[in-house]
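A.B. asks: sequence and predicted structure below; questions after.
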Amino acid sequence: MNSNLYTQYTQKIAAVCDPLPGSIPYESHRPLSVKLCYHGWRLLDLLADKFPHISEHHWQTKMSKAELLCNGAPTTLATIVKAGDYIETIYQDVIEPYVDTAIEILYDDDYYFIINKPAPLPVHACGRYNKNTVVYILSQAFALWQLRPVHRLDANTTGVLILAKTKAAASAITRQFEEHKVYKTYLACVCGHPSNDEFVCEQAITATASVAGRRDIAPNQRGVTAHTVIKVLRRNDDETSLVEVTPRSGRTNQIRLHLAANGHAIVSDQIYQETPTESLAFSKDTPIELHAWKICFIHFVTDKSIQVTAQPPSWA
């Protein structure tokens, strides 16, 4: 990409982020689709099960203000839900938390747009974030592209993120991910000094989240399979180490959990450094020292290998 185009794109992103989209108060509608397992439940019981950190009084207040809807209609304490029902919670004058919007463009063609994602910055709308996200910001800067992220990257993780410009491009690279033909390399700063210069983690991971949204090592390998290769690059004087991480599978929180389970949690990772509490998932977002450093895939049109590298943060 030539420098003029890079400057133009960067200016478009900067314009969308001044001020931050989520810093202007707005009415937020947070959706929830009722799954089959909740069919016939009282709405308040469903909400207590899904959101144990939120009090029943909160939901009752929303009901009294007609700000908790089921299929567009106000709800009551007696509301019973059916599978497929659409629940909406309305929040007034919402201001979203701060995010870092210093998005660096790494690659661009007619099919893919690849960035170095800063942190904290969620990719998709989630929880307290709707407008302060990669998807929303780029949709405002490049409305005609309909960009689609094709893989996950945690809000507090920096590095390479691929977005597809067309459905065909998204489908092509999604297949490569499913067939383990996309190669990713991460950098992480971890607590302690691993005894081995290179080691492999193969503990299975639970398929569902537990407290504070974390995953856990599955007992007796009964969870989803996961495979992570860790190589020590540097042992630091402050009892931390810089490691290169290559995930051979793509499970949620795989790298964070595997490192923590082997006694070397990532620096600043509150969820996996200590026994989590419900409040941790909703504490102030702080970048963790995990960086998606390199990614390599085959371009579905040119059939050429594309490798993209994101400049490591200062801690690396």
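C.D. replies: Structure received.

A.B. asks: helix, strand, or coil at Y272?
C.D. replies: helix (DSSP: H, G, I helix; E, B strand; the rest coil).

A.B. asks: show me where the stretch 151-300 of the chain has its strands.
C.D. replies: 158-164, 183-191, 198-201, 228-235, 240-247, 290-298 (DSSP state E, counting those that start in this stretch).

A.B. asks: give me the spatial nearest neighbour of A48, chain neighbours excluded.
C.D. replies: Among residues not flanking A48 along the chain, E56 sits closest, at 6.4 Å (C-beta to C-beta, 6 or more residues apart in numbering). Bear in mind the C-beta positions are built from the backbone N, C-alpha and C, glycine included.

A.B. asks: give the contact list for the one you found.
C.D. replies: Residues in contact with E56 (C-beta atoms under 8 Å, 6 or more residues apart in numbering) are 44, 47-48.

A.B. asks: mind checking which of those are buried?
C.D. replies: 44, 47 (16 or more other C-beta atoms under 10 Å).

A.B. asks: list the helices and strands the helix or strand bottoming out on mean pLDDT in the chain packs on?
C.D. replies: Between all helices and strands in the chain, the lowest mean by mean pLDDT, DSSP states H and E belongs to helix 270-273, at a mean of 82. For helix 270-273, the elements it packs on are helix 254-261, judged by 3 or more C-beta pairs under 8 Å, 6 or more residues apart in numbering; DSSP states H and E.

A.B. asks: and P149, what is it in contact with?
C.D. replies: 123-124, 134-135, 161-163.

A.B. asks: can you tell me how far it is from A83?
C.D. replies: P149 sits at a distance of 28 Å from A83 (criterion: C-beta to C-beta, to the nearest Å).

A.B. asks: so which bits of stretch 105-117 are buried?
C.D. replies: Those would be 105-106, 111-117, for stretch 105-117 by 16+ other C-beta under 10 Å.

A.B. asks: thinking T206 is in contact with A226, fair?
C.D. replies: No - the pair T206 and A226 does not pass the contact test of C-beta atoms under 8 Å, sitting 10.4 Å apart.

A.B. asks: so those two - more neighbours on which side?
C.D. replies: Using other C-beta atoms under 10 Å, the more surrounded residue of T206 and A226 is A226, with 24 against 19.

A.B. asks: okay, the nearest residue to V229 once chain neighbours are set aside: pLDDT?
C.D. replies: Leaving aside its chain neighbours, V229 sits nearest to T246 (4.4 Å; criterion: C-beta to C-beta, 6+ apart). Confidence at T246, expressed as pLDDT, is 96.

A.B. asks: residues contacting T246?
C.D. replies: Counting by C-beta under 8 Å, 6+ apart, T246 has contacts 183-186, 228-231.

A.B. asks: kindly report the same for K167.
C.D. replies: Counted by C-beta under 8 Å, 6+ apart, K167 has contacts R148.

A.B. asks: for C126, give me its contacts.
C.D. replies: Counting by C-beta under 8 Å, 6+ apart, C126 has contacts 133, 155.

A.B. asks: mind running it again at 10 Å?
C.D. replies: C126 sits next to 30, 133, 155 when contact means C-beta atoms under 10 Å, 6 or more residues apart in numbering.

A.B. asks: I'd like the residues you listed laid out as JSON lines, including pLDDT and neighbour count.
C.D. replies: Shown next, in JSON lines, are those (pLDDT from 0 to 100; neighbours: other C-beta atoms under 10 Å):
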{"residue": "R30", "pLDDT": "92", "neighbour count": "15"}
{"residue": "T133", "pLDDT": "97", "neighbour count": "22"}
{"residue": "A155", "pLDDT": "93", "neighbour count": "22"}
